[in-house]
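*Asks:* Fold the following.
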Amino acid sequence: MNKPTLSKVKFKSYEQHQSQPFPSSLDDWIPENDLGRLVSLVIDKMELDSVLNNYPGGGVPSYHPKMRLKVDYLTSQQKYEQHENFLGECIHKASAEDQHKYEY
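*Replies:* From the prediction side, this is the model:
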């Protein structure tokens, strides 16, 4: 099977620093020391030629793999933090109930 050339692959427009009516840049939404900035820098430096060379091309434009990696990583990190907070609340509540159970 012949692999298509990268010139046939079309991605949806992805400009991280694009202007928006409010705020003026997507960077304005992200705090300066946020994990998202580090993730973005690391992923932007990744060489994805092996991934890009496997895209078949044609059809509806795809999201750029770097954008997808950023979104997927940060979404999974946020879900992990939510689960961690929920478990912490459950443990605290169970501990408080156990203490109350044995008070005379």
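*Asks:* From V60, how far out is V51?
*Replies:* Computed with Cβ to Cβ, to the nearest Å, the distance linking V51 and V60 is 18 Å. From N, CA and C alone the C-beta is placed, and that goes for glycine too.
*Asks:* Ok, S40 next?
*Replies:* Distance from S40 to V60, counting by Cβ to Cβ: 25 Å.
*Asks:* Also E84?
*Replies:* For E84, the distance to V60 under the criterion Cβ to Cβ works out to 37 Å.
*Asks:* Which one's more surrounded, the two?
*Replies:* The residue with the greater number of neighbours, taking E84 and V60 and applying other Cβ atoms under 10 Å, is E84; the counts read 10 against 6.
*Asks:* dump the residue contacts of the more buried one.
*Replies:* With contact taken as Cβ atoms under 8 Å, 6 or more residues apart in numbering, E84 is in contact with no other residue.
*Asks:* That one should be in a helix, yeah?
*Replies:* Yes - when classified by DSSP: H, G, I helix; E, B strand; the rest coil, E84 is found to be part of a helix.
*Asks:* how close does it sit to Q78?
*Replies:* Between E84 and Q78 the computed distance is 11 Å (Cβ to Cβ).
*Asks:* which SS state does the spatially most central residue of the chain fall under?
*Replies:* Per Cα atoms, centre = their mean, the C-alpha nearest to the average position across the chain is that of V71, at 2.4 Å. At V71, secondary structure determined by three-state DSSP is helix.
*Asks:* residue ranges with poor pLDDT in the protein?
*Replies:* The model of the chain has pLDDT under 70 over residues 1-7, 18-24, 95-104.
*Asks:* Torsion angles phi and psi at the residue nearest to L26 when sequence neighbours are not counted?
*Replies:* Using Cβ to Cβ, 6 or more residues apart in numbering and skipping residues adjacent in sequence, the residue nearest L26 is Q16, 6.1 Å away. Listed backbone geometry of Q16 is phi -60, psi -30, with angles given as degrees, to the nearest 10.
*Asks:* wait, Q16 sits on V39?
*Replies:* No - look at Q16 against V39 with Cβ atoms under 8 Å: they stay out of range, at 11.9 Å.
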